[in-house]
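Undergrad: quick one, structure for this:
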Amino acid sequence: MDRKSLVKLIAAVRDGSLGAEEALARLDKLATGELGFAKIDHRRTLRRGIPEVVFGEGKAPAQVEKIAAHMAERGGTVLVTRIGPDVGERLIRRLPAGTYDPVSRTFLLRPRGRTRPIPGLMVVSAGTADIPVAEEAAVAAEAFGLAVDRLYDVGVAGIHRLFEHLERLRRARVIVVVAGMEGALPSVIAGLVEAPVIGVPTAVGYGAALDGFTALFAMLTSCAGGLTVVNIGNGFGAACAAHAILAGHRGRR
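TA: Numbering: from 1, shown residues only. Got it, this is the predicted structure:
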């Protein structure tokens, strides 16, 4: 339940179209979901504007399945990140209305009656090898209600490929840029556009790339204004930041 839904619920009780007991029953669904090994935060959408998301890595397949099924029963968005084919296929069997994407390693189940997506986000990858992290960002952003324009494999090794899409870049309101190797692309883009840029370093690269630390340090030490950086491989975190910029406080006005 988000803020709009809560306002409608209160209004329905006030005008008598909804009884107090039914309203209480609906509000009861906001209580923390207790599964023993996990506590599900059903108030997160109301509080943050984005739902609870399941980080699948490190959890037993049965635990991931039970958490996802519990969330699906509440009727909200179910997003599971960092899962392999075994868990993805297991979730599809349990929740066939959802989608498992092996590229982004995500499972997504969306509720019916979604609102129109909020435009303005572009997700860019420096190389093809960076696409899995870029897709994690894109899928998460779409789960949060954002429309995503994707632009992939336009890194600095062939900078002309980026310039061919300069007008698209300048139309974006927020740009997530995913890059490994030397991590230069976010700085380049931040120097060309007015929109805020969110850099996502990846572990792509040879030995001196240091599993993404070289790209991370390059982005953190960038001289380009308007660039902020999330953790190595954290496409999900970039999507959260993009949502906060594009949709933040919309429901509070």
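Undergrad: could you use CA atoms for every contact and neighbour count after this?
TA: Fine.
Undergrad: list the buried ones in the strand or helix carrying residue 169?
TA: Element membership of residue 169, judged by DSSP states H and E, is helix 166-171. Residues 169, 170 are the ones in helix 166-171 that count as buried (16 or more other CA atoms under 10 Å).
Undergrad: so what does whichever helix or strand comes after it touch, helix or strand wise?
TA: Next helix or strand after helix 166-171 toward the C-terminus (DSSP H and E): strand 174-179. Contact here means 3 or more CA pairs under 8 Å, 6 or more residues apart in numbering; DSSP states H and E; on that basis strand 174-179 packs against strand 118-125, helix 131-143, helix 185-190, strand 197-201, helix 235-247.
Undergrad: in TSV: those, plus distance to residue 209.
TA: Output for those, formatted as TSV (distance: least, CA to CA, whole Å):
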stretch	distance to residue 209
strand 118-125	17
helix 131-143	17
helix 185-190	15
strand 197-201	10
helix 235-247	19
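Undergrad: of all the ones you listed, which one comes closest to residue 70?
TA: helix 131-143 (17.7 Å; CA to CA).
Undergrad: ok, and what's touching the closest one?
TA: 77, 79, 81, 103-106, 108, 110, 117, 123-125, 147-148, 150, 152, 176-178, 202, 233-240, 242-243 (CA atoms under 8 Å, 6 or more residues apart in numbering).
Undergrad: among those, the buried ones, what's the ChimeraX command?
TA: A single ChimeraX command is used to select the members of these judged buried by 16+ other CA under 10 Å:
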select :77,79,81,104,105,106,108,110,123,124,125,147,148,152,176,177,178,202,233,234,235,236,237,238,239,240,242,243
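Undergrad: CA atoms only: put stretch 60-67 into PDB for me.
TA: Taking C-alpha atoms only, stretch 60-67 is exported to PDB below (Å, rounded to 0.1, in the frame of the first residue of the first chain):
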ATOM      1  CA  ALA A  60      18.500 -20.800   0.500                       C
ATOM      2  CA  PRO A  61      16.200 -21.400  -2.500                       C
ATOM      3  CA  ALA A  62      13.400 -22.400  -0.200                       C
ATOM      4  CA  GLN A  63      13.800 -19.200   1.800                       C
ATOM      5  CA  VAL A  64      13.700 -17.000  -1.300                       C
ATOM      6  CA  GLU A  65      10.600 -18.900  -2.500                       C
ATOM      7  CA  LYS A  66       8.800 -18.500   0.800                       C
ATOM      8  CA  ILE A  67       9.600 -14.800   1.100                       C
END
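Undergrad: where in the stretch 151-253 of the chain is pLDDT low?
TA: By pLDDT under 70, the low-scoring segments of the stretch 151-253 of the chain are 249-253.
Undergrad: how does it look with 50?
TA: 251-253 (pLDDT under 50).
Undergrad: contacts only, for residue 71.
TA: So residue 71 contacts 40, 77, 78 (CA under 8 Å, 6+ apart).
Undergrad: need the pLDDT of the closest residue to the last one other than its chain neighbours.
TA: This means residue 78. Once flanking residues are discounted, residue 78 sits nearest to residue 109: 5.0 Å by CA to CA, 6 or more residues apart in numbering. For residue 109, the pLDDT comes out at 93.
Undergrad: next: the one 5 residues further on.
TA: pLDDT, the model's per-residue confidence, is 68 for residue 114.
Undergrad: who touches the residue nearest to residue 78 in this structure?
TA: Contacts of residue 109 (CA under 8 Å, 6+ apart): 72, 77, 78, 79, 95, 97, 98, 99.
Undergrad: can you do 10 Å?
TA: For residue 109, the contact set (CA atoms under 10 Å, 6 or more residues apart in numbering) comprises 68, 71-72, 75-80, 91-92, 95-100, 143.
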